[in-house]
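*Asks:* Coordinates only, no sequence provided:
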């Protein structure tokens, strides 16, 4: 029979985030060679040992902690996508910033993880130089 699930609390997520940020360069490394994969496994085992050293919460396996981290990143990506969609939406009205009823753990949890390109230019972006050049050509 399966045992009852134990969900991660907000404090556990904060503690996990603090541990993961120290090893972020290894965990978020995009390389897939054998050495990098092995390094990531060792780091997750180290994280699990540190996490379980504190007796205030349930013991977690490296796989559980890794899955929790991936879930937190995934939720944050969805939030950023929804915020961007609301900001770029047409149909009138002003932009409505997201509400603050979200879990406090989400705040600043991914400041060290690059999950969105910020200040990127695309084909719809008009730069000030282009505007000045257009005005100069028209006059």
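*Replies:* Good, I have the coordinates. Nothing here was measured: the structure is a model prediction, and the numbers come from that model.

*Asks:* Report the buried residues of the helix or strand hosting residue 86.
*Replies:* Using DSSP states H and E, residue 86 maps to helix 62-88. Neighbour counts over helix 62-88 (16 or more other Cβ atoms under 10 Å) mark 62, 64, 65, 66, 68, 69, 72, 75, 76 as buried. For glycine as for every other residue, the C-beta is placed from the backbone atoms N, C-alpha and C.

*Asks:* Relative to residue 75, how far out is the second one?
*Replies:* For residue 64, the distance to residue 75 (Cβ to Cβ, to the nearest Å) stands at 16 Å.

*Asks:* where does this protein dip in pLDDT?
*Replies:* 1-4, 90-132, 134-139 (pLDDT under 70).

*Asks:* And the strands in it, which stretches?
*Replies:* For the chain, strands defined by DSSP state E do not occur.

*Asks:* so what's the closest residue to residue 23 other than its chain neighbours up against?
*Replies:* The shortest distance from residue 23 to any non-neighbouring residue, by Cβ to Cβ, 6 or more residues apart in numbering, is to residue 43 (4.8 Å). The contact partners of residue 43, by Cβ atoms under 8 Å, 6 or more residues apart in numbering, come to 23, 26, 27.

*Asks:* want to throw those into a markdown table with distance to residue 87 and neighbour count?
*Replies:* Shown next, in a markdown table, are the contacts of residue 43 (distance: Cβ to Cβ, whole Å; neighbours: other Cβ atoms under 10 Å):
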| residue | distance to residue 87 | neighbour count |
| --- | --- | --- |
| 23 | 33 | 17 |
| 26 | 34 | 15 |
| 27 | 30 | 17 |
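
*Asks:* Mind picking the one among those residues that's closest to residue 54?
*Replies:* Within those, proximity to residue 54 (Cβ to Cβ) peaks at residue 23, which comes in at 16.9 Å.
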